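Participant: how does the following fold in three dimensions:
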Amino acid sequence: MLDALAKTIRDEVKKNYNILSQPEGKSENGWILLDLGDVIVHLFSPEKRDYYRLEELWHDGKVLVKLQ
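Facilitator: All right, here's what the predicted structure looks like:
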């Protein structure tokens, strides 16, 4: 599922904003990162999301979109 999400995001960002991005990480490791310049997209498996708890580390940051 993470690969499909990463591909969809990459395709839409390329089509709409002409921004190219290569994913970092692998879905089988539970984490894919997309660097889109001003925006970093983290895609986590449920297990990795619970482990890293980025929301707690970045609690002062502004959440623009949260999908579950």
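Participant: who touches the helix ranked longest in the chain?
Facilitator: Counting residues, the longest helix found in the chain (DSSP state H) is helix 2-17. Residues from elsewhere that reach helix 2-17, judged by C-beta atoms under 8 Å, 6 or more residues apart in numbering: 19-21, 23, 27, 30-32, 34, 36, 41, 43-45. Backbone N, C-alpha and C define where each C-beta goes, glycine included.
Participant: and the next helix-or-strand element following it with helix 2-17, angle?
Facilitator: Under the assignment DSSP states H and E, the closest C-terminal helix or strand after helix 2-17 is strand 31-35. Angle, strand 31-35 to helix 2-17, by axes from the mean of the first three to the mean of the last three C-alpha atoms, to 10 degrees: 10 degrees.
Participant: can you verify Leu43 is assigned to a helix?
Facilitator: No - with DSSP: H, G, I helix; E, B strand; the rest coil as the criterion, Leu43 is assigned strand and is not in a helix.
Participant: tell me how far it lies from Ile19.
Facilitator: Per C-beta to C-beta, to the nearest Å, Leu43 is found 17 Å from Ile19.
Participant: the two: who's more crowded?
Facilitator: Each of Leu43 and Ile19 has its neighbours counted (other C-beta atoms under 10 Å); Leu43 has more, 22 against 16.
Participant: average pLDDT across the longest helix of the chain?
Facilitator: Averaged across helix 2-17, pLDDT comes to 96.
Participant: just to revisit the earlier point, buried subset of the contacts of helix 2-17, written for PyMOL?
Facilitator: Per 16 or more other C-beta atoms under 10 Å, the buried members of these correspond to this PyMOL selection:
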select buried, resi 19+21+23+27+30+31+32+34+41+43+44+45
